[in-house]
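A.B. asks: Kindly return the folded structure for what I paste below:
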Amino acid sequence: TFSNFTIAEEAADNTVILDETGVKNLRIKTVMCEERDFEQTVFAIGRVEEIPGNQYAVSSRISGRAIKVNAFIGDYVEKGQVLVSVESRQPGDPPPVIELKAPHNGLITKAHVLTGQPVQPNEELFDISDRTSMWIAAQIPEQRAAGIKIGTKARISFPAVDGDPIEAKLLRFGVQADRNAGAVVGIFEVKNKDGRLSPGMRAELEIITSTRPNVLAVPESAVQGDPSSRVVYVKHVELDNAFVKAPVVLGAKGGGWIEVIQGIFPGDEVVTQGAYSLGFVGGGSVSLKEALDAAHGHEHNEDGSEMTTKQKAASEVGDGHGHGESNKSGAPGWLIYYAGASTLLLVFFAQLWWNLKRKESPSHAG
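C.D. replies: Next up, the predicted model:
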């Protein structure tokens, strides 16, 4: 009896039953568990940098004076576009004028000349940057760098920019490790044709070190509990708005997913949003037995199992504790027991008195 009670109590404690309002308020969302290609990843933080080979400087080979400036910081210029006209100091009537043109398409990032300003030979007048591609300099933890090779793929996201992560490959490692950070620098190249990436922006990288097929995994948001006791909430297969707390054994983590070694099966629906809140709901306002009885139209045990014919008969006859037909009045068991014992005691004393009375009758007659 104690064992059955314990099982029923545990099943009820592990099942959360909500109504439609509760599901809506907790914003419950689920995802179907399935085997997938599981990626082992290394997380790294990086920064956006300009590619050194895509930087261009514009300067004059003669002395003179800037008589017309056509480009300024922030302007996008095309190759061959006139940036500034310089009047030469060589004699002439009028003095000769040369035009300095953009050597490449790109963004003016620096401008060092104003109209009327003297210009000296080899003096840098403009800096142009082609930002259609950018480098991501990632700080890779030293202890994880051994598993990362040239050509290793990564998914890169940028907190300052909306959109899906960008895929890129490792081009090279930096020439020097960062001793303070305990990291080596890995250089990845990404496309930036829309120009949304700027130097210095933060980048977050998931560097893919290995891929395993047919691995059962769940989103990280589905896993709850402390490190020694991890659980997920699985949608009940028979009841609407019911969720079962399932202890799980976890494996590797990567790409926002966690490998599940034991505890759930392919096809289970696990809660990915609202799982944390379910831990505070408890058993809900409806018991597991009541919900199953209503759903199937017949009786169940407290642990949710279907009640057998013998169990139904035992329930009707009573189990000796005042729970059967003998207690349909709803009176407490101890009160019925006390009343029965009192009646038996009265009968006993009445019988005793009657026997004594019969023994006294002959003596009175003599």
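A.B. asks: State the three-state secondary structure for Val244.
C.D. replies: What DSSP: H, G, I helix; E, B strand; the rest coil gives for Val244 is strand.
A.B. asks: Run a quick neighbour tally on the closest residue to Met307 other than its chain neighbours.
C.D. replies: Excluding its sequence neighbours, the residue lying closest to Met307 (CB to CB, 6 or more residues apart in numbering) is Glu299, at 4.4 Å. Glycine gets a C-beta too; all of them are placed from N, C-alpha and C. By other CB atoms under 10 Å, the residues close to Glu299 number 13.
A.B. asks: unless I'm mixing things up, Glu299 is touching Lys312, no?
C.D. replies: Yes: in this structure, Glu299 is within contact of Lys312 by CB atoms under 8 Å, at 6.6 Å.
A.B. asks: for Ala154, what are its contacts?
C.D. replies: By CB atoms under 8 Å, 6 or more residues apart in numbering, the contact set of Ala154 is Ala138, Glu167, Ala168, Lys169, Leu170, Phe188, Leu205, Glu206, Ile207, Ile208.
A.B. asks: which of those residues are buried?
C.D. replies: The neighbour-count test (16 or more other CB atoms under 10 Å) marks Ala138, Ala168, Leu170, Phe188, Leu205, Glu206, Ile207, Ile208 as buried among the contacts of Ala154.
A.B. asks: now those residues in a markdown table, with secondary structure?
C.D. replies: Below are the buried ones among the contacts of Ala154 laid out as a markdown table (three-state DSSP):
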| residue | secondary structure |
| --- | --- |
| Ala138 | strand |
| Ala168 | strand |
| Leu170 | strand |
| Phe188 | strand |
| Leu205 | strand |
| Glu206 | strand |
| Ile207 | strand |
| Ile208 | strand |
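A.B. asks: so which of those comes closest to Lys235?
C.D. replies: Nearest to Lys235 among those: Glu206, at 28.7 Å, using CB to CB.
A.B. asks: which ones are touching that closest one?
C.D. replies: By CB under 8 Å, 6+ apart, Glu206 lies in contact with Glu39, Thr41, Val42, Phe43, Ala154, Arg155, Ile156, Pro165, Gly254, Gly255.
A.B. asks: Does the fifth one lie in a helix or a strand, and which?
C.D. replies: Per DSSP states H and E: Ala154 is located in strand 153-157.
A.B. asks: so how far is that strand from its chain's centroid?
C.D. replies: Distance of strand 153-157 from its chain centroid, counting by CA atoms, centre = their mean, to the nearest Å, is 18 Å.
A.B. asks: who does that strand pair up with?
C.D. replies: strand 166-173 (antiparallel), strand 202-219 (antiparallel) (DSSP bridges).
A.B. asks: For it, buried residues please.
C.D. replies: Buried residues in strand 153-157 (16+ other CB under 10 Å): Lys153, Ala154, Arg155, Ile156.
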